[in-house]
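Colleague: Sharing a model prediction with you, sequence too.
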Amino acid sequence: MSAARQILIGQILMIACCIFYIIWWNMAFRPGVSVNRVGGKYGVLLCITALCALAGIWQSAAGLQKVPPHSGGFNGLYLLAGGVIVYIVLLAATRILCHRTVTTELVLIVGWTVLELTVAGGFFALGQLSAAQKMFMLVLVLVVAAVSMVCYLAYYGLEPQKAFAIGSVPLAATGAAMLLMCILTRI
């Protein structure tokens, strides 16, 4: 299978992850609903979400490994190292300066951002995105990451209905950005 096709399959699986995550969020986090968020049908839905994410990351990584290093300015290792540094800085800043309880969403935001920046670079290096499309996707990914961070920071300070609604924004935005990336590729 070609590198581009593997990356595309990874993106599609990540979009499925977002869809299942939104469904789970809407069922398990709706204000006034008291449920076991990881038990029963909620647990099954969360497992499907996680499996889609892991399979998507696996497929994307397998395809990205086939991209020659430094082709088209692409080097995923620099992005990965940068992502680790950004995560540590955001972890400290959100905890110390903002007094925000650290949750898995922070690692998901940073991890998704690094993955999508790498995917955009990989698609460009493989000739699947033009330079303009790559720049557009890089900017879009960074905007979605910034919006996700705003939602992350605002979540605990909002009343339940608004927190529930704002919790869905990053999921929908990341899914939409990945869908656009798939549409822009020439596969």
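Modeller: Arrived safely.
Colleague: centre of the chain versus the lowest-mean-pLDDT helix or strand in the chain, how much separation?
Modeller: Counting by mean pLDDT, DSSP states H and E, the chain has its least confident helix or strand at helix 76-92, which shows a mean of 89. Put simply, helix 76-92 sits 14 Å off its chain's centre (C-alpha atoms, centre = their mean, to the nearest Å).
Colleague: I'd like to know which elements that helix is packed against.
Modeller: helix 104-125 (3 or more C-beta pairs under 8 Å, 6 or more residues apart in numbering; DSSP states H and E). For every residue, glycine as well, the C-beta is placed using N, CA and C.
Colleague: Moving C-terminal from the helix it packs on, which element do we reach first?
Modeller: Counting by DSSP states H and E, the next helix or strand C-terminal to helix 104-125 is helix 131-154.
Colleague: contact partners of the next helix or strand along the chain from that next one?
Modeller: Next helix or strand after helix 131-154 toward the C-terminus (DSSP H and E): helix 160-184. Applying C-beta atoms under 8 Å, 6 or more residues apart in numbering, the contact partners of helix 160-184 are 8, 11-12, 14-15, 18-19, 21-22, 25-26, 29-32, 105, 109, 112, 116, 119-120, 123, 129, 133, 136-137, 140-141, 144, 147-148, 151-152, 154-156, 158.
Colleague: can you give me how far stretch 146-160 is from the chain middle?
Modeller: On C-alpha atoms, centre = their mean, the centre of stretch 146-160 falls 16 Å from the chain's centre.
Colleague: Fine, thanks again, bye for now.
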